[in-house]
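Asker: Starting from these lines, generate the structure:
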Amino acid sequence: QVQLVESGGGLVQAGGSLRLSCTASAWTFATFHMGWFRQVPGKEREFVAAVSVAGDSTVLADSVKGRFTISADKAKNIMTLQMNSLEPEDTAVYYCAAGALLTAFYMEPKFWGQGTQVTVSS
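Answerer: This next block holds a predicted model:
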């Protein structure tokens, strides 16, 4: 069973930074690509960023390029999303995900975490 646990959400002013973390088992990190999605009420869940299972490549949505950075530390079984220059439009519930398919633009999610709220005030 794949269990993903997010942490690090909260309230921040526009222009500020937050760091989200996702922990999982060593097997999960050795088997799946890992990524982040986000969702606001009334909208579909959208892809944000992903890191390959090998940890050697990352994919970022155009909306977050230059502001967000994703990384995975397989020794500690933790994935991190560093979010800088946050905008009110980044407000959403952020979900950690694990998936088997990663392209140059997207990760296909297979398993989800429970989500963590990020709120950016203007």
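
Asker: For the protein, just list every one of the helices.
Answerer: 26-31 (DSSP state H).

Asker: Okay, strands next: where are they in it?
Answerer: Using DSSP state E, the strands found in the chain span residues 5-7, 10-13, 18-23, 33-39, 46-51, 58-60, 68-73, 78-83, 92-99, 101-102, 107-108, 111-112, 116-121.

Asker: In TSV: the ones you listed, plus mean pLDDT.
Answerer: Output for those, formatted as TSV (pLDDT from 0 to 100):
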stretch	mean pLDDT
strand 5-7	96
strand 10-13	98
strand 18-23	98
strand 33-39	98
strand 46-51	98
strand 58-60	97
strand 68-73	97
strand 78-83	98
strand 92-99	98
strand 101-102	94
strand 107-108	96
strand 111-112	98
strand 116-121	98
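
Asker: okay, those strands in a markdown table with mean neighbour count next?
Answerer: C-betas here are computed from N, CA, C, even on glycine. Formatted as a markdown table, the strands of the chain follow (neighbours: other Cβ atoms under 10 Å):
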| stretch | mean neighbour count |
| --- | --- |
| strand 5-7 | 16 |
| strand 10-13 | 13 |
| strand 18-23 | 20 |
| strand 33-39 | 25 |
| strand 46-51 | 22 |
| strand 58-60 | 19 |
| strand 68-73 | 18 |
| strand 78-83 | 22 |
| strand 92-99 | 22 |
| strand 101-102 | 16 |
| strand 107-108 | 20 |
| strand 111-112 | 16 |
| strand 116-121 | 17 |
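
Asker: tally of neighbours for Gln3?
Answerer: 12 (other Cβ atoms under 10 Å).

Asker: Which residue is the nearest non-sequential neighbour of it?
Answerer: Ala24 (6.5 Å; Cβ to Cβ, 6 or more residues apart in numbering).

Asker: Next, work out how far apart the one you found and Val59 are.
Answerer: Per Cβ to Cβ, to the nearest Å, Ala24 is found 19 Å from Val59.
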